[in-house]
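K.L.:
please find the sequence and the predicted model below.
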Amino acid sequence: AQKITQTQPGMFVQEKEAVTLDCTYDTSDPSYGLFWYKQPSSGEMIFLIYQGSYDQQNATEGRYSLNFQKARKSANLVISASQLGDSAMYFCAMNTGGFKTIFGAGTRLFVKA
Amino acid sequence: DVKVTQSSRYLVKRTGEKVFLECVQDMDHENMFWYRQDPGLGLRLIYFSYDVKMKEKGDIPEGYSVSREKKERFSLILESASTNQTSMYLCASLPSGLESYEQYFGPGTRLTVT
């Protein structure tokens, strides 16, 4: 069965520090895509970063990077130099082709000033 | 920029009422989705549509139906609202193509059924 697991319901980080949000996935499909979305308190889901299963290098987008460890089936999000505006819910998600994307339960990140 | 809009940000309905949630996208995307979001459960797919008048059940379709009469509009219908349908509802769209995995989300509708 395909599954996304986010084991950290909530996390705190000091402003300007880096933080890692954990995500593990389970699929038997060799081809898949992994995503991270951010959901501020306003409710909209904002796409952050994408990693394909055949990508050799870890994806990076500005202060966001995805630490992809295929053998461990993990796709952790690293946010460098946290900002107050990073306080939000973060969802890890997976698509194995077709129309269905499955989401994890989410991690709520609190950035402290 | 892709824009996905939802008819209401907040909605309060009574048990047994018929409820319509509307979603409109302006980028000619073929695929549209309805999710519900509950604490600790993430987003769960209710229904999706890959073309006009075409629909497929997601993981939790019970108690819901959908309508897609036009490409840009995807409606979620609660035939007889119940309190366990109190939730956040998110609509999303997705263009077709192998590279098109990023979904574009609307702002969400927080529905309360009393």
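P.N.:
Okay, I see it.
K.L.:
what ranges does chain A have for its strands?
P.N.:
Along chain A, the segments classed as strands by DSSP state E run A:3-5, A:10-14, A:19-21, A:24-26, A:33-39, A:46-52, A:60-61, A:64-69, A:74-79, A:88-95, A:101-103, A:107-112.
K.L.:
export these to TSV and append columns for distance to chain B and mean pLDDT.
P.N.:
C-beta: built from backbone N, CA, C; applies to glycine. Output for the strands of chain A, formatted as TSV (distance: least, CB to the nearest CB, whole Å; pLDDT from 0 to 100):
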stretch	distance to chain B	mean pLDDT
strand A:3-5	8	95
strand A:10-14	11	96
strand A:19-21	14	98
strand A:24-26	13	97
strand A:33-39	5	96
strand A:46-52	5	94
strand A:60-61	12	94
strand A:64-69	14	97
strand A:74-79	14	98
strand A:88-95	5	96
strand A:101-103	4	91
strand A:107-112	10	97
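K.L.:
of all the ones you listed, which lies closest to B:N31?
P.N.:
strand A:101-103 (10.7 Å; CB to CB).
K.L.:
all strands of chain B, in order?
P.N.:
B:4-6, B:10-13, B:19-25, B:31-38, B:42-51, B:54-57, B:64-70, B:73-78, B:87-94, B:104-105, B:109-113.
K.L.:
make TSV out of the strands of chain A and add mean neighbour count and distance to B:S67.
P.N.:
Formatted as TSV, the strands of chain A follow (neighbours: other CB atoms under 10 Å in any protein chain shown; distance: least, CB to CB, whole Å):
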stretch	mean neighbour count	distance to B:S67
strand A:3-5	16	30
strand A:10-14	13	38
strand A:19-21	19	37
strand A:24-26	17	33
strand A:33-39	23	26
strand A:46-52	18	27
strand A:60-61	12	36
strand A:64-69	17	37
strand A:74-79	22	35
strand A:88-95	24	25
strand A:101-103	22	22
strand A:107-112	17	34
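K.L.:
tally of neighbours for B:N31?
P.N.:
Applying other CB atoms under 10 Å in any protein chain shown, we find 20 residues neighbouring B:N31.
K.L.:
that one is in contact with B:Y50, isn't it?
P.N.:
Yes: with contacts counted by CB atoms under 8 Å, B:N31 reaches B:Y50, the gap being 5.2 Å.
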